[in-house]
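[1] Build me a model:
(chains A, B, C and D)
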There are 4 protein chains.
Amino acid sequence: MMSEDKRIPRSREDDYSPEIIAERQKFIEEKTGAELNHTKQYSYDPHVMAGNIENIWGVVQVPIGVAGPLLVNGEHAQGEFYVPMATVEGTMLASYNRGMKVIRESGGVTTTVSAESMQRAPLFIFNNARDARDFQIWLQENFAAIKAQAESTTSVGKLLEIENYHFHNYIATRFDYSTGDAAGQNMTSRATFFACEWIQKNYPGKLRNYMLSGNYDTEKRTSSVNLLKGRGRRVTAELTIPRQVLVDHLRITPEQMQYGYQISTLSSFQTNSSNNASHPANGLAALYLATGQDIANIGESNQCTVYQRMTRSGDYYFSITLPSIIMASYGGGTNLPTQSECLKMMDCLGKGKALKLCEIAAGLVVAGELSLAAATRVDKETRTNEWVDAHERLGRNR
Amino acid sequence: MMSEDKRIPRSREDDYSPEIIAERQKFIEEKTGAELNHTKQYSYDPHVMAGNIENIWGVVQVPIGVAGPLLVNGEHAQGEFYVPMATVEGTMLASYNRGMKVIRESGGVTTTVSAESMQRAPLFIFNNARDARDFQIWLQENFAAIKAQAESTTSVGKLLEIENYHFHNYIATRFDYSTGDAAGQNMTSRATFFACEWIQKNYPGKLRNYMLSGNYDTEKRTSSVNLLKGRGRRVTAELTIPRQVLVDHLRITPEQMQYGYQISTLSSFQTNSSNNASHPANGLAALYLATGQDIANIGESNQCTVYQRMTRSGDYYFSITLPSIIMASYGGGTNLPTQSECLKMMDCLGKGKALKLCEIAAGLVVAGELSLAAATRVDKETRTNEWVDAHERLGRNR
Amino acid sequence: MMSEDKRIPRSREDDYSPEIIAERQKFIEEKTGAELNHTKQYSYDPHVMAGNIENIWGVVQVPIGVAGPLLVNGEHAQGEFYVPMATVEGTMLASYNRGMKVIRESGGVTTTVSAESMQRAPLFIFNNARDARDFQIWLQENFAAIKAQAESTTSVGKLLEIENYHFHNYIATRFDYSTGDAAGQNMTSRATFFACEWIQKNYPGKLRNYMLSGNYDTEKRTSSVNLLKGRGRRVTAELTIPRQVLVDHLRITPEQMQYGYQISTLSSFQTNSSNNASHPANGLAALYLATGQDIANIGESNQCTVYQRMTRSGDYYFSITLPSIIMASYGGGTNLPTQSECLKMMDCLGKGKALKLCEIAAGLVVAGELSLAAATRVDKETRTNEWVDAHERLGRNR
Amino acid sequence: MMSEDKRIPRSREDDYSPEIIAERQKFIEEKTGAELNHTKQYSYDPHVMAGNIENIWGVVQVPIGVAGPLLVNGEHAQGEFYVPMATVEGTMLASYNRGMKVIRESGGVTTTVSAESMQRAPLFIFNNARDARDFQIWLQENFAAIKAQAESTTSVGKLLEIENYHFHNYIATRFDYSTGDAAGQNMTSRATFFACEWIQKNYPGKLRNYMLSGNYDTEKRTSSVNLLKGRGRRVTAELTIPRQVLVDHLRITPEQMQYGYQISTLSSFQTNSSNNASHPANGLAALYLATGQDIANIGESNQCTVYQRMTRSGDYYFSITLPSIIMASYGGGTNLPTQSECLKMMDCLGKGKALKLCEIAAGLVVAGELSLAAATRVDKETRTNEWVDAHERLGRNR
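    Okay, here's the model as predicted:
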């Protein structure tokens, strides 16, 4: 048993009151010797953080910059957006900002959400492979009933498909849902649990047991199954950059971009990387953080593919498909005071805005890709490298 | 050209002054219609954010909770730590906190840093495979000279190895450095650029060109080469949990844990996942955020392997190896006011503390793994699932 | 232009006649200086090789051994089978033979074919992501018509599903067929080409072009999509080995087997291997070769997962799922004189026998897995290793 | 116990005598009902098969065709080669033959062997991660002594490197050898076992145990570690094809080839394929089979990368790197009567010829890649597809 004095103070009545928070702050200061000045300074009633965290005692202040405008020709996001980016990595925002200029000069980035599915992935356990195989058939035949059960737990979530994969004496599944404007991990857990309990009771064959997640949902990590089947939203952003725009603004030709792309794609293949891009995680992390998304999802959202080619007219076509964008405009951390202000900057707070937000995110990533892909080149005449130079000028290296 | 009024205000003299920040805030409010109240409220002189961000206009406040104490038997971290975790995902901290209890009851988690290397990965371009092969030999023979060049740019970084991989007419390399208490991405960029320029001038054979990064550094993404060779620090955390502790605190037996582990590992193999764990990204993201790390690194840091087995005496051994922990105790965002307070809570701010911080991070991840692995099980008698229940109770689903 | 005398002799009238074959043999002897004695000695009318090869001039004689009997409790294969194995690798057959003994002593291996699909994978090209997405919907809605087109070209093949994957301005598909007792690669090429031409003519939207294979069929190579969705037949073979049988025949305990399995599975995960087994390619290659299968398919067929655990009663359960077994009992090389004799040994020649053959193949692989997994262990007392010893005794090392 | 009459006849004195072989043939005929006519007809003394197989009772006759000449500009293979290919897959040889014509018209294919290493991969087991880490250091410091031990067992094999990978309480290694003209799997097993026993005795720290293979050798399967570090020989084959040659002989332009390549590479990345090529396994399997190699090695040898680009002058550059070519000119099956004749056709039998053979193999693969990459295209005017047509004309579909 832990001695009483080591126990972090909690309140059963109201664990988000200023009093208990102050008590925890005092506890931390006493136990650790750290002086808490800035972390204490949140600007709002801590009760709004209930449901977002436990044992709350302060806030971390992360600087937000603004980049833009980002010109998006989406189906949900249309026009120019000033994008809030929260980060501690110097030069990163400047790089994205430069890419946005290229995008504007090229008439904007076109974005398309082509699929959505948030998963929970129960795994069903049988005595042997034959029993497993037979269940697979039953599962397909009873989709409507299972769907009804799952959807009875939620007003928003819709069960779109039950992917199923047989191996050994197991059937691994992925219950794929649309989840409206929420990210939906919890919604789908509950719905799937409910559906599984129904299956457990109603399956006429021999089902030994099930696990609510058999790891086929591959949450907060990259995977081939996410790449192929998606997780969250699959978003593509693409544009054609006139040759002269590329040369003027990024000091690189389409031929050079293509040459570099082919190598970096092959390198990504050789190293079994989660993407063949330059740094999608950077832009996504900055936007996720500013807008109240779960930043651990960078673990899966960084997965993507980049594709490009020189057009017949010598211009440069660039495209990125992000199969696992997980962003909400509603629920989660979106309603926290600072985060909601960032969402409002793009008119992305609340119901009906999630797809818009996803499109902006994909456009943002394009900006960063263009800028960094150009920056890693070494200039043949000056023997300088923009990437290194920028960090010298703007970063912490000074 | 963008019309003047769309341009984000900047100041050449001082872009971190309250005046220019106010101007940008006004600009955002006018252009986007968002009202900025909370994001404006940073508690310190914005000049401290210079080098961490551009176009700064505010801060995002992310709630921080405290979990612990986490009992760590490391070589650098020894004793009990109260761990700050910043997140907007309800129930997550509570889950880690539960795991820490199990760790304490088991006598602590043992941590080991077994390797370190931060990379920059130049790719050298030749006319053909034979020229490439010959360069590979020269590179090995001239390691000392190249090392001297690289290290001449930094007082901290040490070039440990140049990994080299031949394919086609290319030699892909990874320049592996130790980088002291900094994460080191910029330090290694500069050092490697310097070394490459020297190589370009001094290589007696035919070197056509090089790219400063050929994507073998696989930064902010997962990869097989990171898993095998590491990026940042490779940290292992392990412990043996007495059977009774497991049963009492997690309501699960070693046999059940083992059964679930075998399935989830096989699922991870089948899906080509970046880890076979439960949710390492969660704990890492929360700690990275609280302590001023670059959260985009979750893209690579989530990669890991979990291993476990039942001991002969019926207890439960658990181990995790994280090959890509990227954490600094110095530089980057570590010195920002709120972030440095979090670091101080664990006595992890400043020089000589990076390895300690990495060990705490690995121990933290173990806490989360134990807790979630147990929670996803469905109780056979009550037909309840802790994972779903916890989100009902603590999360945003209410 | 090549000088006339370097041109390999061919006959327009009959390229499989003894005369043209003799001419080619003479040509080879003259051009290369090799003396051809044994390669000339095929025992049958060379016309039977028409359709199997071009420029035929001889045969390679590969030794065939027999192993068994293999006791299979399948749905298609039931009873004991003497298995022909063609190989030049000494000790391999002996190892499989040993495994078959363990299988017999355990009451046989249970086999299950749980799915089948042979693919051709056209990729459809659009102007942008939105056009691609729209096509995806049309494709699903017009499945019946496309299926009719595809199946009009074959009396055997049935189009089961069109998997479709969106990325960039492309829709990659996998047309999944059942192909009766043939392997079916050519059947599916023709059927899919026919279907694609129909799509090209009838799709009302803007389809720019298509490729008949966009590499999602991942033929003769391993891939995550094959592992997840299968190629050819998905076959599982499983059995429980009584503890004493394991100890007596393989000199290893279930605990030791389990310990080794956990490590080798983790190693396979770490190295991104195409299987976590010991050597499935060996048995499959030997059987594929003996029975007239395309041995290049070892490229994909080696992919599989092994799963095992100790049962509550202390026995040893072992299971393998092979998702890409590509075997025919009809067509291809199955009717060649020596190959058909090998098929007849297992009553697997001709229509209605393909699934039986697949089950025997899976059972065969289990025999090899058990034997080698046990052999790689170092005996603690004698400090010997069976694997090394066997190659000393039986192999070419003498 | 198996009843006596089910036991395959064996002879302790001489298991390769005509008598025991006849006995086994009779046994098979009686037990299975198969009539053995052609499999009985081997053209040589069966004693030559000792060491290559057990329980020998016959041979499979696989048709061999000839393709070529293949013009190779290698370091070991120089000039024109007529290549024996054994297969039962119609059209395949014709396709490779077509590619060889393109190679000749382009002045030949340039081949380079850039590395070699055959592995055995012992895994060392410790009590915890710290003990494992410490061993890693000792291993590096004692390389010379370990090398001496390993090499004491072989007159040919040289220990080049001990790769070592730390995870959990394990050190996985790869002992990398050069093995002369043999494939070397058995040579390396014995040498490594000897070295491990020495380590076990001499390591001053706490080494609990070791496994002779911990699956990091990834034998007969594909893996990232093989792709990065190689297995057997790493061979690159490359050439520039004049635009007109491509158009005249393959009816495709460099632009079309490039377009197709980019897509198929991206597809390979998306599907986590073992190569981004068209069908390397085909040519390799046919040559491995004809020349007495272990065909199960197709499981690892199919792994490779293809790279291409259009040159500034509008020609087409193509390159393939095969990191895992496993071919012997000595030992194994190379000395069997038919196989040795095939090796002699290319003057590749015996000592000093293995690298030459590897270069021919790589050149052969290029021929097949060029031909098939061009064939999968649909002709816009005639709406025909060469690939489908060829199988109609030459294959078993008739």
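[2] all contacts plus neighbour counts: C-alpha atoms, from now on.
    OK.
[3] so where is chain A shaky, pLDDT-wise?
    For chain A, applying pLDDT under 70 flags the ranges A:1-2, A:395-398.
[4] Next to chain C in this structure, residues from it, please.
    Contact residues, chain A versus chain C (CA under 8 Å from any CA of the partner chain): A:112, A:114, A:128-130, A:133, A:165-168, A:224-225, A:228-229, A:236, A:238, A:307, A:319-321.
[5] can you tell me which of those are in strands?
    Among those, the members found in strands (DSSP state E) are A:112, A:114, A:165-167, A:236, A:238, A:307, A:319-321.
[6] quick check, nearest of those residues to chain D?
    Lowest distance from chain D to those (CA to the nearest CA) belongs to A:Y307, with 7.9 Å.
[7] Now do the residue nearest to that closest one when sequence neighbours are not counted against C:A34, distance only.
    Nearest non-adjacent residue to A:Y307, counting by CA to CA, 6 or more residues apart in numbering or on different chains: A:S319, 5.1 Å away. Distance from A:S319 to C:A34, counting by CA to CA, to the nearest Å: 55 Å.
[8] what about the two, which has more around it?
    Relative neighbour count places A:S319 above the other of A:S319 and C:A34, with 24 against 19, counting by other CA atoms under 10 Å in any protein chain shown.
[9] Who are the contact partners of the more buried one?
    Contact partners of A:S319, counting by CA atoms under 8 Å, 6 or more residues apart in numbering or on different chains, are A:236-239, A:306-308, A:366, C:168.
[10] let's see it at 7 Å
    A:S319 sits next to A:236-239, A:306-308, C:168 when contact means CA atoms under 7 Å, 6 or more residues apart in numbering or on different chains.
[11] hey, what's it bridged with?
    Beta-bridge pairing of A:S319 under DSSP bridges involves A:E238, A:Y307.
[12] Provide the secondary structure category for A:Y44.
    Secondary structure assignment for A:Y44 (DSSP: H, G, I helix; E, B strand; the rest coil): coil.
[13] what's the neighbour count on it?
    Neighbourhood size, A:Y44 [other CA under 10 Å]: 13.
[14] Over to the one 3 residues further on?
    Around A:H47 sit 14 other residues, with neighbours defined as other CA under 10 Å.
[15] I figured it hits A:Y16, correct?
    Yes - counting by CA atoms under 7 Å, A:H47 touches A:Y16, with 5.2 Å between them.
[16] ok so, going back, for the residue nearest to A:Y307, give its distance to C:Y216.
    According to CA to CA, A:S319 and C:Y216 sit 20 Å apart.
[17] what do you get for A:G51?
    44 Å.
[18] near chain B, which residues of the stretch 151-300 of chain A?
    Proximity of the stretch 151-300 of chain A to chain B (CA under 7 Å from any CA of the partner chain) is limited to residues A:186, A:189-190, A:211-216, A:218, A:220-225, A:263-264, A:267-268, A:271-275, A:279, A:281-282, A:285, A:290, A:292, A:294-296, A:298-299.
[19] now, which of those residues lie within helices?
    A:186, A:189-190, A:224-225, A:263-264, A:267-268, A:281-282, A:285, A:290, A:298-299 (DSSP state H).
[20] Fine by me, we can end here.
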